[in-house]
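K.L.:
Let's see this in three dimensions:
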Amino acid sequence: IDFSFQQGGWGASLADKLVRKCDVLNRGFSGYNTRWVKIILPRLIRKGNSLHSPVAVTVFFGANDSALKGENPKQRIPLEEYAVRHLQSVGAPESRLVRTTPPPPLCEAAQRQEGCKLNRLNLVVGEYARACLRVAQDCGIDALDLWTLMQK
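P.N.:
Residues are numbered from 1 along each chain as shown. So this is what the prediction gives:
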């Protein structure tokens, strides 16, 4: 998300498609997990700034939260903590939210062939994706199941 406005990024493409219709803002924070975002969230969405009355807000938590506990303990967030409704506390308009599941992080077979130590597994990220979908359903908001789409 943090790099989505780089050349060829999805954020830049979306902004190009919506030019003169609306502003596309990115508040991605590379390396952050859900716990760290909760700390800064009130500054991002508050009355009086441009994010207070958005047309839509995409929420993309979980890619870092789902890191393997033993390999990346700083970013790892337990599944139970990840699957909590965070945006109500700052007054984000639920009718305009779209939760996005974390995507599969990598091609595990290719990483293993290169001798890389894995700090995320598709199976574990899938658990976070399902939790994301449950929270969206419980809140009555839309969700984009990026994890499943990318598995195909």
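K.L.:
quick one, helices of the chain?
P.N.:
Residue ranges of the helices in the chain, as given by DSSP state H, are 10-17, 34-44, 79-82, 108-113, 122-139, 146-151.
K.L.:
Just put those helices in a markdown table and tack on distance to T101.
P.N.:
C-beta coordinates here come from the backbone N, C-alpha and C atoms, glycine included. Output for the helices of the chain, formatted as a markdown table (distance: least, Cβ to Cβ, whole Å):
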| stretch | distance to T101 |
| --- | --- |
| helix 10-17 | 15 |
| helix 34-44 | 13 |
| helix 79-82 | 11 |
| helix 108-113 | 18 |
| helix 122-139 | 4 |
| helix 146-151 | 4 |
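K.L.:
Please identify the deepest-packed of those helices.
P.N.:
Compared across the helices of the chain, helix 122-139 shows the largest average neighbour count, a mean of 18 (mean count of other Cβ atoms under 10 Å).
K.L.:
Please save the CA atoms from it in CSV.
P.N.:
Only the C-alpha atoms of helix 122-139 are listed here, as CSV (Å, rounded to 0.1, in the frame of the first residue of the first chain):
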residue,chain,number,x,y,z
ASN,A,122,0.3,-18.5,2.5
LEU,A,123,-1.6,-20.8,4.8
VAL,A,124,-1.2,-18.5,7.8
VAL,A,125,-2.1,-15.4,5.7
GLY,A,126,-5.2,-17.3,4.6
GLU,A,127,-6.3,-17.5,8.3
TYR,A,128,-6.0,-13.7,8.5
ALA,A,129,-7.9,-13.3,5.3
ARG,A,130,-10.8,-15.4,6.6
ALA,A,131,-10.8,-13.4,9.8
CYS,A,132,-10.9,-10.1,7.8
LEU,A,133,-14.0,-11.4,5.9
ARG,A,134,-15.7,-12.4,9.1
VAL,A,135,-15.2,-9.0,10.6
ALA,A,136,-16.5,-7.3,7.4
GLN,A,137,-19.6,-9.6,7.5
ASP,A,138,-20.2,-9.0,11.2
CYS,A,139,-20.0,-5.2,10.6
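K.L.:
Many thanks, I have nothing further to ask.
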